[in-house]
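S.K.: prediction below, plus the sequence it came from.
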Amino acid sequence: YLIGEQVMGVSMATAYSRAIEMGCRCLEIDCWDGGWADHYEPIVTHGHAACSTIRAREAISAIAACYEALPPALRTPLILSLEMHCTIPQQAKLAAMFREILGEALMLPTDGQLRSPAHLMGRILLKGRVLAANHAAFKSSGYAAPPADMATPPRGPSRSESDPTTHSSRAAPAPTADGAIAESPPASGPTAAGPAAAGTGACRCARTCR
């Protein structure tokens with residue numbers, strides 16, 4: 001959306017149209033709050049810079065119009081990568097814009113199954129971070145949480161939980177008959193007592209094995 005560089009460039013909705021006509025099928029949209037009042041809508045700009053801004057509605061409309069005007073054979077799947085900086089209320093407004101402007105072209109998650117590019121011809125996909133359904137932001141905003149199939153997937157077990165090799169296999173030393181703690185026998189293998197234990201001769205290390 002920038003004409004020029006990222007510090008003082010000019011933001012224009014037509015830049016998205018030009019990118020689509022040149023064959024680009026993955027566009028980034030930097031989404032920011034348009035203001036604190038309820039009637040304000042999200043904007044698109046490069047944050048923390050002196051770039052100009054455009055309304056998100058104008059950017060989405062330009063994308064939809066240019067994509068729809070392409071010949072059917074060129075309407076390969078279009079991905080909109082959302083760099084999201086909006087608050088939850090503004091995100092809700094942005095979601096309503098995508099549904100309203102993109103219409104049937106917008107690919108919504110349904111059964112969670114991945115589709116091939118051939119099945120996604122003429123469709124527009126949104127890519128971005130999805131908050132978990134129980135995220136605190138939804139509880140404090142009054143907006144409905146996303147459906148279960150859009151919630152953040154559970155994280156897999158950590159290496160220490162799934163890989164038994166990360167746990168020590170040595171048993172704790174047992175007390176002897178007189179109450180003293182018996183010294184555990186050294187572990188077998190080349191690493192137990194350095195190279196000498198592996199039958200390679202005296203250790204020649206100048207620092208660690210002396």
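M.R.: Nice, thanks for sending it over.
S.K.: what are the boundaries of the strands in the chain?
M.R.: 2-3, 10-11, 26-32, 43-44, 54-55, 78-84, 124-127 (DSSP state E).
S.K.: tell me which of these is the most buried.
M.R.: strand 43-44 (a mean of 24; mean count of other Cβ atoms under 10 Å). Every residue, glycine included, has its C-beta placed from N, CA and C.
S.K.: show me the contact partners of that one.
M.R.: Under the criterion Cβ atoms under 8 Å, 6 or more residues apart in numbering, residues 1, 11, 29-34, 53-56, 59 lie in contact with strand 43-44.
S.K.: now residue 117: closest residue in space, sequence neighbours ignored.
M.R.: Of all residues not flanking residue 117 in the chain, residue 77 sits nearest, at 5.6 Å (Cβ to Cβ, 6 or more residues apart in numbering).
S.K.: run a quick neighbour tally on the one you found.
M.R.: The tally of other residues near residue 77 (other Cβ atoms under 10 Å) stands at 18.
S.K.: from residue 49, how far off is it?
M.R.: Going from residue 77 to residue 49 by Cβ to Cβ, to the nearest Å gives 30 Å.
S.K.: nearest to residue 72, out of the strands of the chain?
M.R.: When the strands of the chain are compared by Cβ to Cβ, strand 78-84 sits nearest residue 72, at 13.4 Å.
S.K.: so what does the closest one touch, helix or strand wise?
M.R.: strand 26-32, helix 56-69, strand 124-127 (3 or more Cβ pairs under 8 Å, 6 or more residues apart in numbering; DSSP states H and E).
S.K.: buried residues of the second one, list them for me.
M.R.: Using 16 or more other Cβ atoms under 10 Å as the burial criterion, the residues of helix 56-69 that qualify are 56-64, 66-67.
S.K.: reformat the residues you listed as a markdown table; add pLDDT and distance to residue 102.
M.R.: Converted to a markdown table, the buried residues of helix 56-69 look like this (pLDDT from 0 to 100; distance: Cβ to Cβ, whole Å):
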| residue | pLDDT | distance to residue 102 |
| --- | --- | --- |
| 56 | 95 | 12 |
| 57 | 96 | 12 |
| 58 | 95 | 14 |
| 59 | 96 | 12 |
| 60 | 97 | 7 |
| 61 | 97 | 10 |
| 62 | 96 | 12 |
| 63 | 97 | 8 |
| 64 | 97 | 5 |
| 66 | 97 | 12 |
| 67 | 97 | 9 |
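S.K.: what is the end-to-end distance of stretch 29-49?
M.R.: Start-to-end span of stretch 29-49 (Cα to Cα, to the nearest Å) is 15 Å.
S.K.: turn the strands of the chain into JSON lines, columns for mean pLDDT and distance to residue 110.
M.R.: Converted to JSON lines, the strands of the chain look like this (pLDDT from 0 to 100; distance: least, Cβ to Cβ, whole Å):
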{"stretch": "strand 2-3", "mean pLDDT": "72", "distance to residue 110": "34"}
{"stretch": "strand 10-11", "mean pLDDT": "84", "distance to residue 110": "34"}
{"stretch": "strand 26-32", "mean pLDDT": "94", "distance to residue 110": "22"}
{"stretch": "strand 43-44", "mean pLDDT": "92", "distance to residue 110": "28"}
{"stretch": "strand 54-55", "mean pLDDT": "92", "distance to residue 110": "30"}
{"stretch": "strand 78-84", "mean pLDDT": "94", "distance to residue 110": "18"}
{"stretch": "strand 124-127", "mean pLDDT": "94", "distance to residue 110": "13"}
